[in-house]
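> Would you be able to build a 3D model of this:
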Amino acid sequence: MVRMTGECRLTAGQFDERGQLVLVAAAVLALALVPMAFAYLQLGYHGDVGADVEAETELGDTERSLERAVEHASGEIDGEYSWNRREAAVEGFRDLLEDDLDTIERLGHTEGVVIEIASAAEPASAWQAETCPSGPMRSFGPCERIDNVVVQERADETALLAAGFELRLATPDDEATVEVVVVVFA
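Numbering: from 1, shown residues only. Predicted structure coming up:
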């Protein structure tokens, strides 16, 4: 029932009690909001975390992944081919490496980075000219470059020494291209 007529007056003491109740309720509400604010900051949306991809960082990651892939593939063919079957050794190396290279390129796409890995004979040739021993005092047989792969005859077996690649990388903000030589045996 609602009273339509009549007066309802509060005394001065009742105003004080009501004011204190409002202040206490506001303090409790404020204390409840503090942990919620911290939770929001810690568990909030971080959709733009991957947007700050730097080409140099991704390039370093790609080089390390490429080194592991080359070492794995060269380890699989080590001691399996004689020197006169060195072309087959390089072909076997490329076949083993192909799946790893595809994986590296595909993983870049999931992070918003375009990675392209191509064979590069020029850096492999420069590495061969600079590093491979020559002359009568060398310990092993001659070095030979087959496309982007440098091989050497060691005890009539084909030893893969190094492989040259060109890495092209594109992020939303930057592009980078670099030629690298992955050295397996020095």
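> From now on I want contacts and neighbour counts done on CA atoms only, so please keep to that.
Fine.
> where do the helices sit along this protein?
Secondary structure of the chain, counting by DSSP state H: helices at 12-43, 55-77, 86-110, 121-131.
> least reliable of the ones you listed going by mean pLDDT?
Looking at those, the lowest mean pLDDT belongs to helix 12-43 (a mean of 76).
> Could I get the pLDDT score of F165?
At F165, the predicted lDDT confidence score is 95.
> count of neighbours near it?
Look at F165: counted by other C-alpha atoms under 10 Å, it has 22 neighbours.
> what do you get for the one 5 residues further on?
Residues contacting A170 under the criterion other C-alpha under 10 Å number 20.
> you'd agree it is up against V114?
Yes - here A170 reaches V114: they are 5.0 Å apart, a contact under C-alpha atoms under 8 Å.
> coming back round to it: save the helices of the chain as CSV, and put in mean neighbour count and distance to Q152 too.
Output for the helices of the chain, formatted as CSV (neighbours: other C-alpha atoms under 10 Å; distance: least, C-alpha to C-alpha, whole Å):
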stretch, mean neighbour count, distance to Q152
helix 12-43, 11, 56
helix 55-77, 17, 13
helix 86-110, 16, 9
helix 121-131, 17, 10
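> nearest to L160, of those?
Across the helices of the chain, L160 has its closest neighbour in helix 55-77 (6.5 Å, C-alpha to C-alpha).
> how close does D99 get to A73?
Computed as C-alpha to C-alpha, to the nearest Å, the D99 to A73 distance reads 10 Å.
> same check, this time on R94
Relative to A73, R94 is positioned 8 Å away (criterion: C-alpha to C-alpha).
> do M36 as well
52 Å.
> Also L23?
Distance, L23 to A73, by C-alpha to C-alpha: 72 Å.
> again, but for F93
Distance, F93 to A73, by C-alpha to C-alpha: 6 Å.
> name the helices or strands packed onto the lengthiest strand in the chain?
For the chain, the longest strand by residue count, based on DSSP state E, is strand 157-170. Using 3 or more C-alpha pairs under 8 Å, 6 or more residues apart in numbering; DSSP states H and E as the contact test, the elements touching strand 157-170 are helix 55-77, helix 86-110, strand 114-119, helix 121-131, strand 149-154, strand 175-183.
> Now do that strand against strand 114-119, angle only.
150 degrees (axes from the mean of the first three to the mean of the last three C-alpha atoms, to 10 degrees).
> Send over strand 157-170 as PDB, restricted to the C-alpha atoms.
Backbone C-alpha positions of strand 157-170 (Å, rounded to 0.1, in the frame of the first residue of the first chain) are rendered in PDB as follows:
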ATOM      1  CA  GLU A 157      82.800 -40.100 -49.600                       C
ATOM      2  CA  THR A 158      80.900 -36.900 -50.300                       C
ATOM      3  CA  ALA A 159      80.900 -34.500 -47.400                       C
ATOM      4  CA  LEU A 160      78.500 -31.600 -47.500                       C
ATOM      5  CA  LEU A 161      80.400 -28.500 -46.300                       C
ATOM      6  CA  ALA A 162      78.000 -25.600 -46.900                       C
ATOM      7  CA  ALA A 163      74.900 -24.300 -48.700                       C
ATOM      8  CA  GLY A 164      74.000 -20.900 -49.900                       C
ATOM      9  CA  PHE A 165      70.500 -19.300 -49.600                       C
ATOM     10  CA  GLU A 166      68.700 -16.000 -50.200                       C
ATOM     11  CA  LEU A 167      66.200 -15.100 -47.500                       C
ATOM     12  CA  ARG A 168      63.500 -12.700 -48.400                       C
ATOM     13  CA  LEU A 169      61.300 -11.500 -45.600                       C
ATOM     14  CA  ALA A 170      58.300  -9.100 -45.600                       C
END
